[in-house]
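Chemist: Can you look at this prediction? I've put the sequence above it.
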Amino acid sequence: GAGVSQSPSNKVTEKGKDVELRCDPISGHTALYWYRQRLGQGLEFLIYFQGNSAPDKSGLPSDRFSAERTGESVSTLTIQRTQQEDSAVYLCASSLEGSSGANVLTFGAGSRLTVL
Amino acid sequence: AQSVSQHNHHVILSEAASLELGCNYSYGGTVNLFWYVQYPGQHLQLLLKYFSGDPLVKGIKGFEAEFIKSKFSFNLRKPSVQWSDTAEYFCAVNGNTGGFKTIFGAGTRLFVKA
């Protein structure tokens, strides 16, 4: 597609529920990244995919967080048993390739998650 | 540990004032450096980048940044800001020792008074 698409744009859920956030990267972009931005804070790295493998999962905050990617396409970030501290904007970005670092990230609009 | 530090969280300037936003990083090995900007209601987008070569890089809208390796810094500058520069600015770094994941600073919110 023309840009990185994320859904839902807004999600309000109750504590303890599971949520799924979706990211459609730019067609042809092999690298995909998930970041979290809490209110007033910077971007916190969560996970990075090169193709459908995840070389770096170091940023996932707990085992309640997981992500998968099918082929070089859609990625889903799943948060199980949500907690209030999970409230944040979840940003997805893609780039042509990730192995050299000489790549520019194209970001989506983000999914704003509010856990009541 | 790899990290990026931005010195100012909030900056308020009048139009035509000069801007300098500080950025320092802690990252071993070869680094690539970026400034991203988020205008109100818009996505994060690239402002400028440094990969190699001339340490003074120029980006869109008159912005420039200078990589000073000895100081681990990549400060953003603009000689004369405009009201339309009101935005949040993020410094970012990646490199070969971190598997090329991009790490961001906390951001600086710039408000330019017309």
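Modeler: Perfect, I can see it now. Numbering: from 1, shown residues only, chains lettered A, B, ... in the order given.
Chemist: Which strands or helices does whichever strand or helix holds B:Arg77 pack on?
Modeler: Assigned by DSSP states H and E, B:Arg77 belongs to strand B:73-78. Secondary-structure packing of strand B:73-78 (3 or more CB pairs under 8 Å, 6 or more residues apart in numbering or on different chains; DSSP states H and E): strand B:19-21, strand B:23-26, strand B:31-38, strand B:44-50, strand B:64-68, strand B:87-95. Yep, even glycine has a C-beta here, placed from its N, CA and C like the rest.
Chemist: let's see it at 7 Å
Modeler: strand B:19-21, strand B:23-26, strand B:64-68 (3 or more CB pairs under 7 Å, 6 or more residues apart in numbering or on different chains; DSSP states H and E).
Chemist: buried sites along that strand?
Modeler: Of all the residues in strand B:73-78, those buried under the rule 16 or more other CB atoms under 10 Å in any protein chain shown are B:Ser73, B:Phe74, B:Asn75, B:Leu76, B:Lys78.
Chemist: coming back round to it: and B:Lys58, which of the helices and strands packed on strand B:73-78 is closest to it?
Modeler: Closest to B:Lys58 of these is strand B:64-68 (CB to CB; 4.8 Å).
Chemist: Provide the contact partners of the closest one at residue level.
Modeler: With contact meaning CB atoms under 7 Å, 6 or more residues apart in numbering or on different chains, strand B:64-68 is reached by B:Leu33, B:Trp35, B:Leu48, B:Tyr50, B:Pro55, B:Leu56, B:Val57, B:Lys58, B:Phe74, B:Asn75, B:Leu76, B:Arg77.
Chemist: And stretch B:103-114, by the same measure?
Modeler: Contacts for stretch B:103-114 (CB under 7 Å, 6+ apart): A:41-43, A:45, B:2-6, B:8-15, B:21, B:23, B:81-83, B:85-94.
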